[in-house]
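Visitor: Build me a model from this:
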Amino acid sequence: MTVLEETPTSGQVVGALKALVSAEATAEAPGAAMEAGDLEQAVWVRLLERLGDGGPPPDAARWVRAAVRAEARRARRTAARELPYRHEPSTDPTGGPERAALLGERRRVLRAAVARTPGNCPRLLTAMLSPHDPTYREIAGTLGISQGSLGPMRSRCLGCLRRMLAAEVAAPEHRGKER
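Guide: Residues are numbered from 1 along each chain as shown. Next comes the predicted model:
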(Lines give C-alpha, C1' and ligand atoms only; values in the text may rest on other atoms or scores of the structure.)
Protein backbone atom coordinates (compact mmCIF):
# COMPACT_ATOMS: atom_id res chain seq x y z
CA MET A 1 0.00 0.00 0.00
CA THR A 2 1.12 3.52 -0.67
CA VAL A 3 0.84 6.40 1.74
CA LEU A 4 -2.10 7.84 -0.20
CA GLU A 5 -4.13 4.67 0.30
CA GLU A 6 -3.46 4.57 4.06
CA THR A 7 -4.66 8.08 4.89
CA PRO A 8 -8.42 8.54 4.92
CA THR A 9 -9.92 11.05 2.53
CA SER A 10 -11.95 14.03 3.70
CA GLY A 11 -15.12 12.29 2.59
CA GLN A 12 -14.32 9.23 4.64
CA VAL A 13 -13.63 11.31 7.75
CA VAL A 14 -16.84 13.28 7.30
CA GLY A 15 -18.87 10.11 6.78
CA ALA A 16 -17.39 8.44 9.84
CA LEU A 17 -18.00 11.44 12.11
CA LYS A 18 -21.44 12.46 10.88
CA ALA A 19 -23.42 10.65 13.58
CA LEU A 20 -21.02 11.71 16.35
CA VAL A 21 -21.10 15.40 15.39
CA SER A 22 -24.89 15.32 15.19
CA ALA A 23 -25.27 13.61 18.58
CA GLU A 24 -22.79 15.91 20.33
CA ALA A 25 -24.34 19.04 18.81
CA THR A 26 -27.84 17.91 19.80
CA ALA A 27 -26.66 17.32 23.37
CA GLU A 28 -24.83 20.66 23.75
CA ALA A 29 -27.22 22.97 21.85
CA PRO A 30 -29.80 23.56 24.63
CA GLY A 31 -27.08 24.64 27.05
CA ALA A 32 -25.66 27.05 24.47
CA ALA A 33 -29.09 28.53 23.67
CA MET A 34 -28.68 27.82 19.98
CA GLU A 35 -30.06 25.47 17.38
CA ALA A 36 -28.38 22.07 17.12
CA GLY A 37 -28.01 22.51 13.36
CA ASP A 38 -26.15 25.80 13.81
CA LEU A 39 -23.79 24.24 16.31
CA GLU A 40 -23.26 21.25 14.06
CA GLN A 41 -22.50 23.51 11.10
CA ALA A 42 -19.89 25.46 13.10
CA VAL A 43 -18.15 22.20 14.02
CA TRP A 44 -18.16 21.04 10.39
CA VAL A 45 -16.54 24.31 9.35
CA ARG A 46 -13.84 23.81 11.98
CA LEU A 47 -13.29 20.21 10.86
CA LEU A 48 -13.04 21.12 7.18
CA GLU A 49 -10.54 23.86 8.04
CA ARG A 50 -8.56 21.31 10.01
CA LEU A 51 -8.66 18.82 7.13
CA GLY A 52 -7.40 21.49 4.76
CA ASP A 53 -4.55 22.52 7.04
CA GLY A 54 -3.08 19.28 8.22
CA GLY A 55 -5.33 16.33 7.75
CA PRO A 56 -7.71 14.61 10.14
CA PRO A 57 -7.12 14.81 13.89
CA PRO A 58 -5.44 11.74 15.39
CA ASP A 59 -8.28 11.06 17.84
CA ALA A 60 -11.27 12.27 15.83
CA ALA A 61 -13.93 11.44 18.45
CA ARG A 62 -12.12 13.41 21.17
CA TRP A 63 -11.54 16.29 18.75
CA VAL A 64 -15.27 16.40 17.84
CA ARG A 65 -16.32 16.51 21.50
CA ALA A 66 -13.83 19.28 22.24
CA ALA A 67 -14.84 21.26 19.14
CA VAL A 68 -18.56 21.02 19.95
CA ARG A 69 -17.97 22.21 23.50
CA ALA A 70 -15.70 25.04 22.32
CA GLU A 71 -18.31 26.25 19.83
CA ALA A 72 -21.02 26.05 22.50
CA ARG A 73 -18.86 28.14 24.88
CA ARG A 74 -18.25 30.67 22.10
CA ALA A 75 -21.99 30.92 21.45
CA ARG A 76 -22.73 31.44 25.16
CA ARG A 77 -20.09 34.18 25.42
CA THR A 78 -21.42 35.89 22.30
CA ALA A 79 -25.00 35.77 23.58
CA ALA A 80 -23.93 37.20 26.94
CA ARG A 81 -22.18 40.16 25.26
CA GLU A 82 -24.92 41.02 22.78
CA LEU A 83 -27.22 43.77 24.00
CA PRO A 84 -30.35 45.15 22.36
CA TYR A 85 -30.27 48.70 21.05
CA ARG A 86 -31.34 51.21 23.67
CA HIS A 87 -33.62 53.27 21.44
CA GLU A 88 -35.66 50.32 20.19
CA PRO A 89 -36.80 47.56 22.52
CA SER A 90 -36.11 44.14 21.07
CA THR A 91 -39.54 42.83 22.06
CA ASP A 92 -41.49 45.56 20.23
CA PRO A 93 -43.60 43.70 17.61
CA THR A 94 -44.38 46.92 15.70
CA GLY A 95 -40.70 47.85 15.28
CA GLY A 96 -38.39 46.68 12.60
CA PRO A 97 -37.50 47.97 9.17
CA GLU A 98 -40.87 49.61 8.53
CA ARG A 99 -40.63 51.72 11.65
CA ALA A 100 -37.03 52.65 10.90
CA ALA A 101 -38.02 53.71 7.38
CA LEU A 102 -40.90 55.84 8.68
CA LEU A 103 -38.70 57.51 11.30
CA GLY A 104 -36.05 58.17 8.68
CA GLU A 105 -38.64 59.71 6.37
CA ARG A 106 -39.93 61.94 9.18
CA ARG A 107 -36.41 63.14 9.91
CA ARG A 108 -35.80 63.82 6.21
CA VAL A 109 -39.02 65.84 5.89
CA LEU A 110 -38.22 67.80 9.05
CA ARG A 111 -34.66 68.59 7.90
CA ALA A 112 -35.95 69.67 4.47
CA ALA A 113 -38.53 71.97 6.09
CA VAL A 114 -35.87 73.41 8.42
CA ALA A 115 -33.68 74.19 5.39
CA ARG A 116 -36.56 76.17 3.79
CA THR A 117 -37.20 78.41 6.80
CA PRO A 118 -36.25 82.09 6.37
CA GLY A 119 -33.35 84.10 7.81
CA ASN A 120 -31.24 82.59 10.58
CA CYS A 121 -33.88 79.96 11.36
CA PRO A 122 -32.12 77.11 9.50
CA ARG A 123 -28.94 77.61 11.53
CA LEU A 124 -30.84 77.92 14.82
CA LEU A 125 -33.13 74.94 14.25
CA THR A 126 -30.27 72.76 12.99
CA ALA A 127 -28.32 73.60 16.14
CA MET A 128 -31.35 72.73 18.27
CA LEU A 129 -31.84 69.42 16.46
CA SER A 130 -28.21 68.44 17.06
CA PRO A 131 -27.80 64.97 18.61
CA HIS A 132 -25.27 66.51 21.03
CA ASP A 133 -28.12 68.40 22.79
CA PRO A 134 -26.34 71.75 23.17
CA THR A 135 -27.30 74.27 25.83
CA TYR A 136 -28.74 77.71 25.02
CA ARG A 137 -25.35 79.23 25.84
CA GLU A 138 -23.59 76.91 23.35
CA ILE A 139 -26.18 77.62 20.63
CA ALA A 140 -25.92 81.37 21.19
CA GLY A 141 -22.12 81.17 21.01
CA THR A 142 -22.23 79.14 17.81
CA LEU A 143 -24.67 81.53 16.12
CA GLY A 144 -22.94 84.65 17.44
CA ILE A 145 -26.06 86.12 19.08
CA SER A 146 -26.89 86.98 22.65
CA GLN A 147 -28.43 84.30 24.83
CA GLY A 148 -31.34 86.64 25.67
CA SER A 149 -32.41 86.97 22.03
CA LEU A 150 -32.29 83.21 21.49
CA GLY A 151 -35.70 82.53 23.14
CA PRO A 152 -37.74 84.96 20.99
CA MET A 153 -35.87 83.91 17.85
CA ARG A 154 -36.53 80.26 18.70
CA SER A 155 -40.25 80.99 19.13
CA ARG A 156 -40.47 82.75 15.76
CA CYS A 157 -38.56 79.99 13.98
CA LEU A 158 -40.60 77.18 15.54
CA GLY A 159 -43.84 79.02 14.67
CA CYS A 160 -42.68 79.37 11.08
CA LEU A 161 -41.68 75.70 10.94
CA ARG A 162 -45.02 74.67 12.50
CA ARG A 163 -46.97 76.61 9.86
CA MET A 164 -44.87 75.13 7.04
CA LEU A 165 -45.36 71.56 8.24
CA ALA A 166 -49.10 72.09 8.87
CA ALA A 167 -49.53 73.38 5.32
CA GLU A 168 -47.69 70.34 3.91
CA VAL A 169 -49.78 67.89 5.92
CA ALA A 170 -53.06 69.58 5.00
CA ALA A 171 -52.25 69.80 1.27
CA PRO A 172 -54.31 67.20 -0.65
CA GLU A 173 -52.61 64.73 -2.93
CA HIS A 174 -53.28 65.03 -6.66
CA ARG A 175 -54.58 61.57 -7.49
CA GLY A 176 -58.01 62.43 -8.80
CA LYS A 177 -59.73 61.70 -5.51
CA GLU A 178 -59.88 65.29 -4.23
CA ARG A 179 -61.94 68.11 -5.76
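Visitor: Student question: in the chain, what's the helix or strand with minimum average pLDDT?
Guide: helix 3-6 (a mean of 39; mean pLDDT, DSSP states H and E).
Visitor: and the closest residue to residue 71 other than its chain neighbours, what is it in contact with?
Guide: Leaving aside its chain neighbours, residue 71 sits nearest to residue 42 (4.4 Å; criterion: CB to CB, 6 or more residues apart in numbering). Using the backbone N, CA and C atoms, a C-beta is placed for each residue, glycine as well. Counting by CB atoms under 8 Å, 6 or more residues apart in numbering, residue 42 makes contact with 71, 74, 75.
Visitor: what's the first one in contact with, if anything?
Guide: Each residue near residue 71 by CB under 8 Å, 6+ apart is listed here: 32, 39, 42, 43, 46.
Visitor: hmm, 6 Å instead?
Guide: Residues in contact with residue 71 (CB atoms under 6 Å, 6 or more residues apart in numbering) are 39, 42, 43.
Visitor: rewinding a little: I'd like the contacts of residue 42 laid out as a markdown table, including distance to residue 151, secondary structure and pLDDT.
Guide: Converted to a markdown table, those look like this (distance: CB to CB, whole Å; DSSP: H, G, I helix; E, B strand; the rest coil; pLDDT from 0 to 100):
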| residue | distance to residue 151 | secondary structure | pLDDT |
| --- | --- | --- | --- |
| 71 | 60 | helix | 89 |
| 74 | 56 | helix | 89 |
| 75 | 55 | helix | 86 |
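Visitor: now the residues you listed in a markdown table, with distance to residue 161?
Guide: Putting the contacts of residue 42 into a markdown table (distance: CB to CB, whole Å) gives the following:
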| residue | distance to residue 161 |
| --- | --- |
| 71 | 55 |
| 74 | 51 |
| 75 | 49 |
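Visitor: how about stretch 122-132: buried residues?
Guide: Neighbour-count burial for stretch 122-132, with 16 or more other CB atoms under 10 Å as criterion, is recorded at 122, 123, 124, 125, 127, 128.
Visitor: Would you map the strands across this protein?
Guide: Here the chain has no strands by DSSP state E.
Visitor: Can you give me the domain boundaries for it?
Guide: Residue ranges for each domain of the chain read 9-81, 108-170, as given by automatic domain parsing.
Visitor: in the protein, what spans have low per-residue confidence?
Guide: Along the chain, segments meeting pLDDT under 70 span 1-11, 13, 84-95, 169-179.
Visitor: mind redoing it with 50?
Guide: 1-6, 179 (pLDDT under 50).
Visitor: Let me see the ranges of the helices in it.
Guide: 3-6, 10-32, 36-54, 60-81, 97-116, 121-128, 136-143, 147-170 (DSSP state H).
Visitor: Out of the ones you listed, which one sits most buried?
Guide: Mean neighbours per residue, mean count of other CB atoms under 10 Å, is largest over the helices of the chain for helix 121-128, with a mean of 18.
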